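Novice: Here is the input, now give the coordinates:
(one chain, ligands or ions: 1)
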Amino acid sequence: MIKAITGTKDILPKEIPNWNNLEGVVRNAMNSFNYKEIRTPIFEETRLFSRGIGESTDIVGKEMYTFIDRSETSITLKPEMTASVVRALLEHSLDKQSQLNKLFYISPMFRQERPQAGRFRQFHQFGAEALGSTSPALDAEMIILAYQIMKQLGLSNFIVKINSLGIPSSRENYKILLKEYLADKINELSDESKKRYETNILRLFDSKNRDDKKIMDHAPLLIEHLDDESLEHFEEVKQMLLSAGVPFEVDPKLVRGLDYYTHTTFELVSRSVGSQSALCGGGRYDLLVKQLGDRDVPGVGFAAGIERILLAMENEKVIPEIAPKIDYYIVRLDKELNRKVFEIATKLRVENSVEFDYTQRSVKAQMREANKIGATKVIMIGGEEFERGTAVVKTMADGTQEEIALEMIK
Ligand code: AMP
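Specialist: Below you'll find the model as predicted:
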């Protein structure tokens, strides 16, 4: 038996209403904040991601689905969306057509991670990117947008963590301080952290290793070494969140180890799912566009994991009950009337949802099916009524029946 690839999963019909509900909430919220949808291809040239995400990240280093296609081009299935959005922005000169581009997406992503609860190899994200302004209002807007979506989905057991990585110059100064602090502790670090010490020192704060953590607990913090401009930007974001009534925690260890990140970083973390608890992550990336193209366009964005949010919703018992529903079920009283039923169903289907029996089941079984699929009305074709050119139409909610001329059914 051929099975789905490890780390991928089928989304079966009974789960689809939950997905549609979530996507509906996302689309509504994006619309309220005036974000416009963008769809980009599933695959891109590999160098877009290696340049746009960074060679020293786990994504580029070990998780991308990369292959050489038949024309010898290195292709990668998209592991995240920001790089693709930026490519599309530059390729179509969207930044020249309007000063600020507010975009959103809902899309599958691919990363060859070790599968576990809440972590897949094909998963789905929705997210937003605002390109063209350095205003802290957009940093705050992203956090509020993500927060509102979670709330509208019914989630409450999560926290908003924010931090600031400041501008590159204060970060570079801080990295020197951090290097100095760690200089005589390198040998006590895990192998992974030893490597990161050289390639991406901020990511030492992400280490799950207990010894690393102990060392990093006493490390100097970037937030304590920010310049005035960065502090002012951060203060503004915090004030806006406060006035929007969005509760948050400042987590000075929330580094999103990428060099192009500037100022705000944030995460929404669930308390009701296991170890994979980040529902959403984002931040400002004023240096990314320049890294991918020839123009300087500041940006800020976030990405949220749909599977994880659905898991959190399940655990918080806030998945809405969505009962199946269909306008009409046509019950056939006599077997010879199959063609007539088919004809009526086809006519009705132009404007209504309609189902009937394809398997010669008894009238009782057809009625059971009508109930099961949530028919609002049942049309009974056959018997004396049919001979009179009419059909009995039963309203399922109250059991009332009326006789309607067959030609009136449309
Ligand atoms: P990232 O792009 O790594 O910042 O991830 C943003 C969000 O996407 C995370 O907070 C998760 O909710 C989700 N996510 C990331 N990787 C995976 C994965 N392998 N499986 C499921 N969800 C993921």
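
Novice: Might one say that residue 282 is in contact with residue 263?
Specialist: No. At 11.5 Å, residue 282 does not count as touching residue 263 under the criterion of C-beta atoms under 8 Å. From N, CA and C alone the C-beta is placed, and that goes for glycine too.

Novice: Near the ligand, which residues of the stretch 201-350 of the chain are found?
Specialist: 278-281, 303-305, 307-308 (C-beta under 6 Å from any ligand atom).

Novice: Now, those that are in strands?
Specialist: Judged by DSSP state E, the subset of these located in strands is 278-281, 303-305.

Novice: Below-threshold pLDDT in the chain: ranges please.
Specialist: 257 (pLDDT under 70).

Novice: 80 - rerun?
Specialist: Applying pLDDT under 80 to the chain flags residues 56, 256-260, 410.

Novice: show me what contacts the residue in it that the ligand sits nearest to?
Specialist: Closest residue of the chain to the ligand, C-beta to the nearest ligand atom: residue 305 (2.3 Å). For residue 305, the contact set (C-beta atoms under 8 Å, 6 or more residues apart in numbering) comprises 118, 123-125, 278-280.

Novice: Let me know the secondary structure of residue 258.
Specialist: coil (DSSP: H, G, I helix; E, B strand; the rest coil).

Novice: Count residues in the vicinity of the nearest residue to residue 315 once chain neighbours are set aside, would you?
Specialist: Leaving out its chain neighbours, the residue that sits closest to residue 315 by C-beta to C-beta, 6 or more residues apart in numbering is residue 272, at 4.2 Å. Neighbour count of residue 272, defined by other C-beta atoms under 10 Å: 17.

Novice: Can you spell out the domain ranges of the chain, please?
Specialist: Following automatic domain parsing, the chain resolves into domains at 16-167+227-315, 326-408.

Novice: Compute the first-to-last residue distance for the shortest one.
Specialist: Yep, that's domain 326-408 we're talking about. Terminal residues of domain 326-408 lie 20 Å apart, using C-alpha to C-alpha, to the nearest Å.

Novice: Equivalent analysis for stretch 191-210, please.
Specialist: This stretch, stretch 191-210, spans 13 Å end to end (C-alpha to C-alpha).

Novice: residues making contact with that stretch?
Specialist: 54, 56-57, 165, 171, 175, 178-179, 182, 186, 189-190, 212-213, 216, 219, 222, 253-255, 257.

Novice: if we can go back for a sec, who is the residue of the chain closest to the ligand paired with across the strands?
Specialist: Beta-bridge pairing of residue 305 under DSSP bridges involves residue 125.

Novice: Show me where the stretch 1-150 of the chain has its strands.
Specialist: 36-37, 43-45, 66-68, 74-77, 101-110, 122-131 (DSSP state E, counting those that start in this stretch).

Novice: Just name the most buried of those.
Specialist: Most buried of those, by mean neighbour count (mean count of other C-beta atoms under 10 Å): strand 122-131, with a mean of 24.

Novice: now the angle from that one to strand 101-110?
Specialist: Between strand 122-131 and strand 101-110, the angle comes out at 160 degrees (axes from the mean of the first three to the mean of the last three C-alpha atoms, to 10 degrees).

Novice: Strand 122-131: how far from the chain's middle?
Specialist: 6 Å (C-alpha atoms, centre = their mean, to the nearest Å).

Novice: at contact distance from the ligand, anything in it?
Specialist: Yes. Residues of strand 122-131 contacting the ligand under C-beta under 6 Å from any ligand atom: 123, 125.

Novice: Could you list every helix and strand in contact with that strand?
Specialist: helix 16-32, helix 82-91, strand 101-110, helix 136-152, strand 299-305, helix 306-315 (3 or more C-beta pairs under 8 Å, 6 or more residues apart in numbering; DSSP states H and E).

Novice: Could you single out the most deeply buried of those?
Specialist: Of all these, strand 299-305 has the most neighbours on average by mean count of other C-beta under 10 Å, namely a mean of 24.

Novice: Centre of the chain to it, how far?
Specialist: 9 Å.

Novice: Ok, stretch 230-248 next?
Specialist: Distance of stretch 230-248 from its chain centroid, counting by C-alpha atoms, centre = their mean, is 24 Å.

Novice: Can you give the contact residues for that stretch?
Specialist: Outside stretch 230-248, the residues within contact range by C-beta under 8 Å, 6+ apart are 136-137, 139-140, 143-144, 147, 159-162, 164, 166-167, 170, 223, 226, 250, 263-264, 266.
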